[in-house]
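S.K.: A structural model of the following input is requested.
(one chain, ligands or ions: 2)
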Amino acid sequence: MADRIIPPGSTIGILGGGQLGRMTAMAAERLGYKALSYSPEADAIAGQVAPHMQGAYDDKAALARFANQVDVITYEFENVPEATVAACEKHKPVRPGVRPIHFAQHRLREKAFFRQAGLATATYQAIRSLADVAGATAFPGILKTCTEGYDGKGQARVANKEQLAEAWDKLGRPESILEALVDFRCEVSAIVARSLTGEARCFPIGLNDHRDGILRTTTVPSGMPPAILAEAERLGVQLANSLELVGLVALEMFVTRDGRVLANEMAPRPHNSGHWTIDACATSQFEQLVRAICGLPLGAVDVLAPSRMENLIGDEADDWLRYVSDPTARLHLYGKARARPGRKMGHVTHVFTSDLLTRGGLPPGSASRT
Ligand SMILES: Nc1ncnc2c1ncn2[C@@H]1O[C@H](COP(=O)(O)OP(=O)(O)O)[C@@H](O)[C@H]1O
Ligand SMILES: [Mg+2]
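M.R.: Ligands and ions are numbered 1, 2, ... in the order given. Predicted coordinates:
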């Protein structure tokens, strides 16, 4: 085991240059690692905090140069082409590797994998042809493109075959999935790290509130009954084990009104619903990823304080002065130059500590008062 440890001082390569890569680089550097991100953009925001290399995902020569400068490689989004990961694997370990993105990139493959791994899902059917549309029965449902959808994009709610036909046409008739609409009580997510030795550790389950398909808030503790929390955690760990993952995976789930927990989608990377861990957990999800891929022991996942993470979307980030003036708020801005509607510009974690700490400051006589 010890010989497989990638020690501090080594360099972590990150495919992707967005906020997840940026926060992974920040966690890596805190532990004494260096980070190098790789993506096609010239102005990648990960490049504001650590070196960034600009290159196309299909540029094998550039990927080889990138891989040769790092000791281990991870990715910050699941739509990195499989061939990019395979090209990197020729030079350095990529954790987690090709397998998790193979499933996470394609909603039909993903749902089939969940079922095969023993995770229940909503009823679903493949939509690949007009015959599939004519034979569809999962109504009311949500039509989703198999690839490239995120934050509710590439989705349409449909009540019947006519609406399905129209919605599928509008999307351009791509390979799609029709999922029966789940009348859920709430949405939760499990973020699970799995180490080189196969140890899996789940962060406390977060309660997620989505609006218009975009995550708005995550609250921990979630207030869910212990049996539901245990089931959500069990599904997350089972998923990580089934993927034989080394790294981090997030599993989004529906809690139904009759108390069942259904797998919705996974992301084999740090996840927006885990941002609260930076300010309110013993180990952040980003540090946990670094630990897992470098062969270090996984960090403790104790909740340090109740918290609620709020995304700052579009021009909401203009309110930064309000957040920096609020003693319960920890503001994170991602350094994006332009706010567009629906674009995640930052987040704020409200950490609810005791009155003494938020209002009274340190008690008299404290050593740090000079
Ligand atoms: N089958 C479903 N039943 C009810 N709500 C759903 C269903 N699928 C998706 N949603 C809602 O839409 C949101 C986004 O869908 P999701 O499949 O997670 O795609 P995305 O990749 O856009 O996050 C979910 O968090 C949930 O609120
Ligand atoms: Mg989702």
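S.K.: and the closest residue to residue 183 other than its chain neighbours, how far is that from ligand 1?
M.R.: What sits nearest to residue 183 in space, not counting adjacent residues and going by C-beta to C-beta, 6 or more residues apart in numbering, is residue 257, at 6.3 Å. All C-beta atoms are positioned from the backbone trio N, CA, C, and that covers glycine. Residue 257 is 12 Å from ligand 1, where distance means C-beta to the nearest ligand atom, to the nearest Å.
S.K.: oh, and call the first residue 27 from now on, that's how I've got it
M.R.: Understood, numbering begins at 27; the last thing we discussed is residue 283.
S.K.: Tell me which residues touch residue 283, please.
M.R.: Listed by C-beta atoms under 8 Å, 6 or more residues apart in numbering, the contact set of residue 283 reads 209, 210, 211.
S.K.: Spell out which parts of the stretch 227-376 of the chain neighbour ligand 1.
M.R.: 236, 239, 278, 290, 291 (C-beta under 6 Å from any ligand atom).
S.K.: Which is the succeeding secondary structure element to the helix or strand hosting residue 54?
M.R.: Using DSSP states H and E, residue 54 sits within helix 45-56. Downstream of helix 45-56, the next assigned helix or strand under DSSP H and E is strand 60-65.
S.K.: partners of the helix or strand following that next one, with directions?
M.R.: Using DSSP H and E, the helix or strand that directly follows strand 60-65 along the chain is strand 78-80. Here strand 78-80 has these sheet partners by DSSP bridges: strand 60-65 (parallel).
S.K.: mean confidence score for the partner strand?
M.R.: Per-residue pLDDT over strand 60-65 has a mean of 98.
S.K.: got it, and stretch 322-332?
M.R.: 96.
S.K.: Likewise for stretch 238-257?
M.R.: Averaging pLDDT along stretch 238-257 gives 96.
S.K.: Equivalent analysis for stretch 76-85, please.
M.R.: Stretch 76-85 comes out at a mean pLDDT of 98.
S.K.: And that stretch, what's buried?
M.R.: Using 16 or more other C-beta atoms under 10 Å as the test for burial, stretch 76-85 gives 76, 78, 79, 80, 81, 83, 85.
S.K.: same thing with stretch 167-177?
M.R.: 167, 168, 169, 170, 171, 172, 175, 177.
S.K.: Sitting in strands, which of those do you find?
M.R.: Among the buried residues of stretch 167-177, the members falling in strands (DSSP state E) are 167, 168, 169, 170, 171.
S.K.: Intersect those with the contacts of ligand 1.
M.R.: residue 168.
S.K.: in this protein, which helix has the most residues?
M.R.: When the chain is parsed with DSSP state H, its longest helix is helix 252-268.
S.K.: CA atoms only for that one - export them in PDB, please.
M.R.: Extracted in PDB, the C-alpha atoms of helix 252-268 (Å, rounded to 0.1, in the frame of the first residue of the first chain):
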ATOM      1  CA  PRO A 252     -32.700   7.600  10.000                       C
ATOM      2  CA  ALA A 253     -34.000   4.700   7.900                       C
ATOM      3  CA  ILE A 254     -34.100   6.900   4.800                       C
ATOM      4  CA  LEU A 255     -30.700   8.300   5.500                       C
ATOM      5  CA  ALA A 256     -29.300   4.700   6.000                       C
ATOM      6  CA  GLU A 257     -30.900   3.600   2.700                       C
ATOM      7  CA  ALA A 258     -29.600   6.600   0.700                       C
ATOM      8  CA  GLU A 259     -26.100   5.900   2.100                       C
ATOM      9  CA  ARG A 260     -26.400   2.200   1.400                       C
ATOM     10  CA  LEU A 261     -27.200   3.000  -2.300                       C
ATOM     11  CA  GLY A 262     -24.300   5.400  -2.600                       C
ATOM     12  CA  VAL A 263     -21.800   2.900  -1.200                       C
ATOM     13  CA  GLN A 264     -23.200   0.100  -3.400                       C
ATOM     14  CA  LEU A 265     -22.800   2.300  -6.400                       C
ATOM     15  CA  ALA A 266     -19.200   3.200  -5.600                       C
ATOM     16  CA  ASN A 267     -18.400  -0.500  -5.000                       C
ATOM     17  CA  SER A 268     -20.100  -1.600  -8.200                       C
END
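S.K.: heading toward the C-terminus, what's the first helix or strand past that helix?
M.R.: Following helix 252-268 toward the C-terminus (DSSP H and E): strand 273-282.
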